[in-house]
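Participant: sequence below, structure please.
(one chain, ligands or ions: 1)
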Amino acid sequence: MPLDIVVGAQWGDEGKGRMVDLFAAKAKFVSRYSGGDNAGHTVTVGEQIFKLHLVPSGLARPNTIGVLGNGVVINPNILLKEINLLREGGVEVNPERLVISPSAHLITPAHRALDGAQEAMRGSEKIGTTKRGIGPAYMDKTARHGLRVEQMLDEEGFAEAVRKHVISANRLLRNVYRAEALDPQLIAAEYLQYARMLQPYIGDASGMISQALENGENVLAEGAQGTLLDLDHGTYPYVTSSNPTAPGALIGLGVGPKWVNEVIGVAKAFQTRVGEGGFPTELSGDLAVRLRGTGENPWDEFGTTTGRPRRVGWLDLVLLRYAMRINTFTHLAITKLDILTGMPSLKLCIGYQREGVIYEELPLGIYQMDQYRPVYQEMEGWDEDIRSAREWKDLPVQAREYIQTIEKKVGVKVGWISVGPERDQMVQALDAG
Ligand code: IMP
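Facilitator: Numbers count the residues shown, from 1 in each chain. Okay, here's the model as predicted:
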């Protein structure tokens with residue numbers, strides 16, 4: 001059963017790339033199943049660093065085949081730029097190495113314009129989207145008038161469909177949002193060029209992956225965003241417009257549940273969020289700066305896609321347990337444990353309280369989360385530099401207790417702990433006592 005799924009267990013930006021990298025090493029197919037270029041991952045190949053948003057990051061490894069599944073929304077301009085970026089960096093990308101599902105949907109400049117206009121209209125109730133056109137593209141998909149990748153195979157029909165799509169979006173932009181209209185002809189011509197370049201990459205992604213699974217090959221599903229940003233299971237309406245959770249991988253790739261092997265939930269050792277929405281354990285002041293960093297280091301908490309400073313807080317185990325329920329993680333990976341080094345005391349949110357009653361699970365899932373106060377367990381910190389730890393026994397006892405509390409409260413084993421930004425700065429905790 002060789003489908004491994006790497007899922008963000010929080011609000012995205014958990015450092016999933018590390019686990020993707022590890023699992024991609026044994027995978028034949030590396031795939032994206034939801035979202036679009038709202039995601040951001042940094043991929044290191046030798047000395048080179050690629051900042052990618054859309055192509056599966058495992059594609060940077062030789063001998064893998066990248067797949068963009070039907071659940072993804074694709075901005076072809078970004079996709080072609082990333083293909084070129086990888087090629088310039090010496091990574092071979094051709095139709096043998098990258099397959100795009102015909103059922104994936106396309107993002108256009110009209111979707112981007114609508115995303116910006118909708119956010120502007122929401123005013124103080126804005127979602128804080130990445131303005132990449134994600135929401136409007138999925139809106140068109142569910143309204144059943146989206147632009148699909150398969151349409152690019154019929155050039156004339158496609159150019160006409162793009163033209164009509166922009167004309168229709170212009171009605172909304174002008175009349176509802178009082179925003180500037182776009183040039184339908186120009187965009188249709190631009191998209192026709194993209195279609196010609198991308199046609200060779202279009203293939204039966206679901207069929208290929210299913211066949212690979214039948215043949216016993218390993219397939220990796222790379223989650224983007226995170227569980228709490230899931231359209232159905234996240235902190236609605238402050239969510240993205242797709243299903244980044246593990247079940248989303250099955251829908252978004254077109255494969256059945258019997259193939260699932262590992263579901264690795266990736267969580268930071270603390271909590272971060274970009275964009276608006278509730279965040280019960282959020283910190284401000286010096287502690288927040290301490291966790292966020294100042295932006296000098298590449299690992300500081302500033303958005304890869306938008307550069308926005310991330311909101312930071314204590315690790316919320318109630319929400320992590322909720323993520324466990326939705327995804328049924330087989331293991332957790334905890335990232336950035338090294339960032340907590342030197343903090344005299346740490347807090348873990350182990351429950352929520354309202355009107356004198358303490359809840360280990362919120363009565364209605366995460367609905368009305370903001371109306372409860374977090375209940376914390378205080379933990380002792382550690383001063384030892386843990387960046388060279390590679391085995392469980394190398395970690396100070398306080399760090400081990402921190403991890404063991406997570407395991408106990410969430411009900412799943414922590415398999416990996418990252419202790420620094422480098423590929424090898426990882427504690428393999430699978431055999432931990
Ligand atoms: P959208 O996906 O651009 O519509 O944004 C919706 C919400 O999801 C906003 O709060 C974004 O900040 C957040 N979001 C989208 N993609 C990511 C990501 O890759 N990491 C973290 N947050 C994200």
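Participant: show me where the protein has its helices.
Facilitator: 16-24, 76-88, 109-122, 134-142, 155-171, 184-198, 205-214, 246-253, 285-292, 317-327, 397-410 (DSSP state H).
Participant: adding distance to the ligand as columns, could you present these in CSV?
Facilitator: Just so you know, the C-beta spots here come from the backbone N, C-alpha and C atoms, and that holds for glycine as well. As requested, the helices of the chain are exported to CSV (distance: least, C-beta to the nearest ligand atom, whole Å):
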stretch, distance to the ligand
helix 16-24, 9
helix 76-88, 13
helix 109-122, 7
helix 134-142, 4
helix 155-171, 17
helix 184-198, 21
helix 205-214, 22
helix 246-253, 14
helix 285-292, 14
helix 317-327, 15
helix 397-410, 21
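Participant: tell me which of these sits nearest to residue 222.
Facilitator: Closest to residue 222 of these, according to C-beta to C-beta: helix 16-24, at 5.0 Å.
Participant: and the closest one, what does it pack onto?
Facilitator: With contacts defined as 3 or more C-beta pairs under 8 Å, 6 or more residues apart in numbering; DSSP states H and E, helix 16-24 has these neighbours: strand 3-8, strand 41-45, strand 219-222, strand 260-268, strand 331-335, strand 414-418.
Participant: which of those strands is buried the deepest?
Facilitator: Mean neighbours per residue, mean count of other C-beta atoms under 10 Å, is largest over the helices and strands packed on helix 16-24 for strand 219-222, with a mean of 29.
Participant: hmm, that strand in reach of the ligand?
Facilitator: No. Judged by C-beta under 6 Å from any ligand atom, strand 219-222 and the ligand are separated, with a smallest distance of 11.7 Å.
Participant: quick check: mean pLDDT across that strand?
Facilitator: Per-region confidence: strand 219-222 scores 98 on mean pLDDT.
Participant: how about stretch 323-333?
Facilitator: When pLDDT is averaged over stretch 323-333, the result is 98.
Participant: now it: how far from the chain's centre is it?
Facilitator: Centroid separation between stretch 323-333 and its chain, computed with C-alpha atoms, centre = their mean, to the nearest Å, is 15 Å.
Participant: phi first, then psi, for residue 305.
Facilitator: phi -90, psi -40 (degrees, to the nearest 10).
Participant: wait, it touches residue 35, no?
Facilitator: No. Applying C-beta atoms under 8 Å as the test, residue 305 and residue 35 come out as separate, 10.8 Å apart.
Participant: so for those two, which sits in the more crowded spot?
Facilitator: The neighbour comparison of residue 305 against residue 35 (other C-beta atoms under 10 Å) goes to residue 35, with 28 against 18.
Participant: excluding chain neighbours, what is closest to that one?
Facilitator: residue 224 (4.0 Å; C-beta to C-beta, 6 or more residues apart in numbering).
Participant: can you count the residues close to the residue of the chain found nearest the ligand?
Facilitator: Nearest residue of the chain to the ligand: residue 275, at 2.1 Å (C-beta to the nearest ligand atom). The local packing of residue 275 (other C-beta under 10 Å) involves 20 other residues.
Participant: please report phi then psi for the residue lying closest to residue 25 once chain neighbours are set aside.
Facilitator: In space, and not counting its chain neighbours, residue 25 is closest to residue 61: 6.7 Å by C-beta to C-beta, 6+ apart. Dihedral angles of residue 61 (phi, psi; degrees, to the nearest 10) stand at phi -90, psi 140.
Participant: can I assume residue 61 is in contact with residue 24?
Facilitator: Yes. Between residue 61 and residue 24 there is a contact under C-beta under 8 Å: 5.1 Å.
Participant: joint contacts of these two?
Facilitator: residue 30 (C-beta atoms under 8 Å, 6 or more residues apart in numbering).
Participant: re the thing from before, got the contact list for the residue nearest to residue 35?
Facilitator: Residues counted as contacts of residue 224 (C-beta under 8 Å, 6+ apart) are 8, 12, 16, 32, 34, 35, 38, 39, 244.
Participant: and stretch 66-86, which residues are buried?
Facilitator: Buried residues in stretch 66-86, defined by neighbour count with 16 or more other C-beta atoms under 10 Å: 66-79, 82-83, 85-86.
Participant: swap in stretch 32-51?
Facilitator: For stretch 32-51, a neighbour-count test (16+ other C-beta under 10 Å) marks 32, 33, 34, 35, 36, 37, 38, 39, 40, 41, 43, 50 as buried.
Participant: just give me the closest of those to residue 98.
Facilitator: For these, the nearest to residue 98 is residue 32 (10.9 Å; C-beta to C-beta).
Participant: show me what that closest one bridges to in the sheet.
Facilitator: Counting by DSSP bridges, residue 32 is bridged to residue 68, residue 222.
Participant: now do the contacts for it.
Facilitator: Shown in contact with residue 32 (C-beta under 8 Å, 6+ apart): 54, 55, 56, 67, 68, 69, 72, 222, 224.
Participant: can you list the helices and strands packed on helix 16-24 in TSV and add distance to residue 198?
Facilitator: As requested, the helices and strands packed on helix 16-24 are exported to TSV (distance: least, C-beta to C-beta, whole Å):
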stretch	distance to residue 198
strand 3-8	26
strand 41-45	21
strand 219-222	20
strand 260-268	30
strand 331-335	33
strand 414-418	35
